[in-house]
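Student: Let me see the structure of the following:
(one chain, ligands or ions: 1)
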Amino acid sequence: MTVPPPLPVPGFYGLDEAWAIEQDRADPLAWCREEFELPVGADGVPLVYLCGNSLGAMPKPARAQVDREMGAWARLGVEAYFEGSAPWYPYSQRLREPLARVLGADPAEVIPMNGLTVNLHLLLVTFYRPTGKRNRILIEGAAFPSDAYAAASHLQTRGAEKEALLVARPRPGESALRTEDLEALLAERGQEIAVVWLGGVQYYTGQLLDLPRITQAAHRAGCLVGFDLAHAAGNAELRLHEWEVDFAAWCSYKYLNGGPGAIAGCFVHERHGRNRALPRYAGWWGNDPATRFEMQSQSAFVPVADAAGWQISSPPVLAMAPLAASLTLFDRVGMPALRRKSVRLTGYLEFLVDRIPEGRAQVITPRDSAGRGCQLSLRIAGADVLVPALRARGIVTDYRDPDVIRAAPVPLYNTFHEVWRFVQVLEELLSGGGSCP
Ligand SMILES: Cc1ncc(COP(=O)(O)O)c(C=O)c1O
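Tutor: I've put the predicted structure just below:
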């Protein structure tokens, strides 16, 4: 038997189905679920979709928004860039304010563009400036592969040894990184590190790092610091400007519900953004709009003096449309209310999982709600078989090698009852019911 951790308040969560149903009835964000078209099974019954950590569900207004842009294309052709009720030319500009509210930034510090890894490359071109002994990039041992590939490729193309990739790991036997260990590493070896690049919410364990403390420790050591916010944007409350994070990038297809391969985003703190002299890869869309169309004069590149100065190509309107629609929901809900529900919903999942007999499901995500987003990662023997078995019972989670199920109850569209149902089915499968031994 596992011993469950102490509850925040005795009786805070209930065990029975009626308790879950009552929470949904009283949920101030219950209306928001109706704003999503949720995946359905072959029988037409909605699935319990706990996979927003991978691809967020579709906001209903997204369909209409894409349709609107298709209509504008058909009706106006190229003139849609400047005509109609919502012209295309300032489309990415219009997304900056709602994005800034989600990221805790000034609108001028954020810009939707490209894919996440592409943005990471563009940011490293600027912010990875190895000089003498300070030539390392600090990443984590369990970094998402694309981040590790990108970092290694910058070492290679800038003439640094591949050993210049410095790797932070959890202590033996632990799953999460400790902030104090990162601080110690930065204090000890910071003079060798040019750039720190870490995941805000770790994709495998669901750990939310202490971003302000890490930023401060990196700055004390004279390093620049950036974060991969793929699993943090729209999931955790962020204050990128106030924390003085140097740069960040995220994708929009997870918690931002922007659709498959949705346009990503990047953050450049205004103290860097206004520095036009920073080296970067240039393209016409990053150029000052006042001279963007002066094509005959062959004038020199003059970057916009904020995050928009890192843009290269004309923004993909059809890829931005679902994100634009989704961000209207984020504005209606607001990150504080979203996070309040998220902490309770994930806490409830943890409470139920801890009561699965014989410790057969081990939560590897940090136990403190301040140290995680909505995802819990469960280490379970036979996870690879359980995930399809859960799917056969109408529950969508995902499997990560070798023995982890990731389950993310997303506060915008998941319910307490869905969490209850998930754990009930999981327990049945673990105890030999259903199709899974
Ligand atoms: C943590 C993390 N970083 C990077 C990526 C890669 O993003 P993209 O394919 O948009 O470059 C992902 C994709 O899921 C991710 O989860």
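
Student: ok, Phe293 to Ser313 distance?
Tutor: Phe293 is 15 Å from Ser313, where distance means Cβ to Cβ, to the nearest Å. Using the backbone N, CA and C atoms, a C-beta is placed for each residue, glycine as well.

Student: Grab the CA positions of the longest strand along the chain and hand them over as PDB.
Tutor: Criterion DSSP state E: the longest strand present in the chain is strand 193-199. Below are the C-alpha coordinates for strand 193-199, written out as PDB (Å, rounded to 0.1, in the frame of the first residue of the first chain):
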ATOM      1  CA  ILE A 193      28.100  29.200 -19.900                       C
ATOM      2  CA  ALA A 194      27.000  31.600 -22.600                       C
ATOM      3  CA  VAL A 195      23.300  30.500 -22.700                       C
ATOM      4  CA  VAL A 196      21.000  28.600 -20.400                       C
ATOM      5  CA  TRP A 197      18.100  26.900 -22.300                       C
ATOM      6  CA  LEU A 198      15.600  24.900 -20.300                       C
ATOM      7  CA  GLY A 199      12.000  23.700 -20.700                       C
END
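
Student: So which elements touch it?
Tutor: Contacts defined by 3 or more Cβ pairs under 8 Å, 6 or more residues apart in numbering; DSSP states H and E place strand 193-199 against helix 116-127, strand 136-140, helix 145-157, helix 211-220, strand 224-228.

Student: swap the cut-off to 6 Å and go again
Tutor: strand 136-140, strand 224-228 (3 or more Cβ pairs under 6 Å, 6 or more residues apart in numbering; DSSP states H and E).

Student: Next to the ligand in this structure, residues from the stretch 151-300 of the chain, please.
Tutor: Listed as neighbours of the ligand in the stretch 151-300 of the chain under the rule Cβ under 6 Å from any ligand atom: 199, 203, 228, 230-231, 251, 264.

Student: Keeping just the C-alphas, turn the lengthiest helix in the chain into PDB.
Tutor: Across the chain, the longest stretch assigned as helix under DSSP state H is helix 335-353. The C-alpha coordinates for helix 335-353 follow below in PDB (Å, rounded to 0.1, in the frame of the first residue of the first chain):
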ATOM      1  CA  MET A 335      -4.800  32.900 -16.700                       C
ATOM      2  CA  PRO A 336      -5.500  33.300 -12.900                       C
ATOM      3  CA  ALA A 337      -8.900  31.600 -13.100                       C
ATOM      4  CA  LEU A 338      -7.600  29.000 -15.500                       C
ATOM      5  CA  ARG A 339      -4.800  28.200 -13.100                       C
ATOM      6  CA  ARG A 340      -7.000  28.100 -10.100                       C
ATOM      7  CA  LYS A 341      -9.100  25.400 -11.700                       C
ATOM      8  CA  SER A 342      -6.100  23.600 -13.000                       C
ATOM      9  CA  VAL A 343      -4.500  23.300  -9.600                       C
ATOM     10  CA  ARG A 344      -7.700  21.700  -8.200                       C
ATOM     11  CA  LEU A 345      -8.300  19.400 -11.100                       C
ATOM     12  CA  THR A 346      -4.700  18.000 -11.200                       C
ATOM     13  CA  GLY A 347      -4.700  17.800  -7.400                       C
ATOM     14  CA  TYR A 348      -7.800  15.700  -7.700                       C
ATOM     15  CA  LEU A 349      -6.200  13.400 -10.200                       C
ATOM     16  CA  GLU A 350      -3.200  13.000  -7.900                       C
ATOM     17  CA  PHE A 351      -5.500  12.300  -5.000                       C
ATOM     18  CA  LEU A 352      -7.300   9.500  -6.900                       C
ATOM     19  CA  VAL A 353      -4.100   8.000  -8.400                       C
END
